[in-house]
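>>> Give me the fold of what follows.
(one chain, ligands or ions: 1)
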Amino acid sequence: MSVQELEKIFLSKIEQEIKIEPKDWMPDAYRKTLVRQISQHAHSEIVGMLPEGNWISRAPSLKRKAILLAKVQDEAGHGLYLYSAAETLGTTREQTINDLHSGKAKYSSIFNYPTLTWGDIGAIGWLVDGAAILNQVMLCRTSYGPYARAMVRICKEESFHQRQGFDILLALSKGTAEQRAMCQDSINRWWWPSLMMFGPHDSESTHSEQSTQWKIKRMSNDELRQKFVDMIAEQVKVLNMTLPDPHLKWNEQAKHYDFGEINWTEFWNVVKGNGPCNKQRLDARRKAWDEGAWVREAASVYAEKRKARQEKQIA
Ligand code: BYC
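Okay, the predicted model is just below:
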């Protein structure tokens, strides 16, 4: 079959909402864009464990500690599904991880901010997981089968994550004056970086147009950001807190909240590696990789021996 014919079949599948599967023919650029997005997503889950991991040993009670531990473990699981999804496209896990460690691959800008207080753990769950869910619910309908299926499970877990974050902030918001101040301070520091998670404005987005045509993306960066603002602007009232944006205002005509402009200079600075914690995050991942070398080696020797034993039994 000619490439033109193969492309026609591919596009007709996209048109008919039939998932593209690993062994199907797909344009090189479709594969490349998926490897880029899925591996960035996987790295975000793994690097995202670091700011929260910082508070496991300092959680204010045994119950909070157990919940946080479970959440951070979930993020590791998400990273692993996503690395596997990327592997179905022909990339190896080593290559993907090397790209993270060499600084070639990106991960979400949000994880380059520090977690200074316990309130930040609440803000991450509520705002960061909240932003991630909106994006990921859309990705449950993405056109590539393994990515879409991984997202279904991830979204279920993310809902629990967001609720645990809100619950932390709710407890602080009902506490002492000092606890209420901690809650407000965390919201103030995490609000704008959370809005940045959705990426540049649609007019500045490099990949959106093509990714939308291929149904990798189902909603644009700005559409998702607006949905997030509308959701959080209501939820913040339950906390009796405010969002740090003087321009935030309900627009009766448009039926959504208007909000202020993001500091894009800060965003690109963080994306380019110059955020408050970029160096610290990559150093931590490289160290974990080096220190885990013996585990990978032991696991592969065990797997080889087991395979040899099974082959011997069959013979
Ligand atoms: N940070 O053309 P655009 C989690 C880059 S983790 C850094 O709009 P696209 C969690 C973008 O890559 C969940 N870079 O790109 C874990 C591109 O550069 P390249 C994380 C960003 O791909 C632990 C350039 O800017 N979620 O939930 O069409 C604890 C132009 O952008 C960012 C995902 O990863 C950013 N924020 O759209 C707690 C979702 N934004 O690649 C929670 C999957 C943009 O050309 N990813 N860039 O060098 C996506 O949905 C899309 O990739 C994005 C960007 C919406 C993020």
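
>>> how about residue 20, phi and psi?
When read as degrees, to the nearest 10, the backbone of residue 20 gives phi -90, psi 130.

>>> before we move on, what about the one 3 residues further on?
With angles defined as degrees, to the nearest 10, residue 23 sits at phi -90, psi 0.

>>> how far away is it from residue 16?
According to Cβ to Cβ, to the nearest Å, residue 23 stands 18 Å off from residue 16. From N, CA and C alone the C-beta is placed, and that goes for glycine too.

>>> ok, the residue lying closest to residue 147 once chain neighbours are set aside - contacts?
In space, and not counting its chain neighbours, residue 147 is closest to residue 85: 5.1 Å by Cβ to Cβ, 6 or more residues apart in numbering. If you count contacts by Cβ atoms under 8 Å, 6 or more residues apart in numbering, residue 85 has them with 38, 42, 144, 146-147, 150.

>>> quick one: which helix or strand includes residue 85?
Assessed by DSSP states H and E, residue 85 sits inside helix 62-87.

>>> from the middle of its chain, how far away would that helix be?
11 Å (Cα atoms, centre = their mean, to the nearest Å).

>>> moving C-terminal of that helix, what's the next helix or strand?
Under the assignment DSSP H and E, the closest C-terminal helix or strand after helix 62-87 is helix 93-101.

>>> Quickly check: the helix holding residue 85 near the ligand or not.
Yes. Legend: contact between helix 62-87 and the ligand by Cβ under 6 Å from any ligand atom is shown at residue 75.

>>> which residues does the residue in the chain that the ligand sits nearest to contact?
Distance from the ligand to each residue of the chain (Cβ to the nearest ligand atom) is smallest for residue 48, at 2.3 Å. The neighbourhood of residue 48, defined by Cβ under 8 Å, 6+ apart, consists of 75, 107-108, 110-111, 128.

>>> Would you format those residues as JSON lines with secondary structure, pLDDT and neighbour count included?
Output for the contacts of residue 48, formatted as JSON lines (DSSP: H, G, I helix; E, B strand; the rest coil; pLDDT from 0 to 100; neighbours: other Cβ atoms under 10 Å):
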{"residue": "75", "secondary structure": "helix", "pLDDT": "96", "neighbour count": "23"}
{"residue": "107", "secondary structure": "coil", "pLDDT": "97", "neighbour count": "23"}
{"residue": "108", "secondary structure": "coil", "pLDDT": "98", "neighbour count": "23"}
{"residue": "110", "secondary structure": "helix", "pLDDT": "98", "neighbour count": "23"}
{"residue": "111", "secondary structure": "helix", "pLDDT": "98", "neighbour count": "26"}
{"residue": "128", "secondary structure": "helix", "pLDDT": "98", "neighbour count": "26"}
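
>>> The ligand contacts on the chain?
Taking Cβ under 6 Å from any ligand atom as the criterion, the contact residues of the chain with the ligand come out as 36-37, 40-41, 44-45, 48, 75, 106, 108-109, 124, 128-129, 132, 135, 196-200, 205-208, 211, 221, 271.

>>> give me that answer again for 5 Å
For the chain, the residues in contact with the ligand under the definition Cβ under 5 Å from any ligand atom are 37, 41, 44-45, 48, 75, 106, 108-109, 128, 132, 135, 197, 199, 205-207, 271.

>>> quick one: contacts for residue 201?
By Cβ under 8 Å, 6+ apart, residue 201 lies in contact with 221-222.

>>> Quick check: phi and psi on it?
When quoted as degrees, to the nearest 10, the phi and psi of residue 201 stand at phi -50, psi 150.

>>> rewinding a little: next, the angle from the helix holding residue 85 to helix 93-101.
Compare the direction of helix 62-87 with that of helix 93-101 by axes from the mean of the first three to the mean of the last three Cα atoms, to 10 degrees and you get 120 degrees.

>>> Nothing else from me, thank you.
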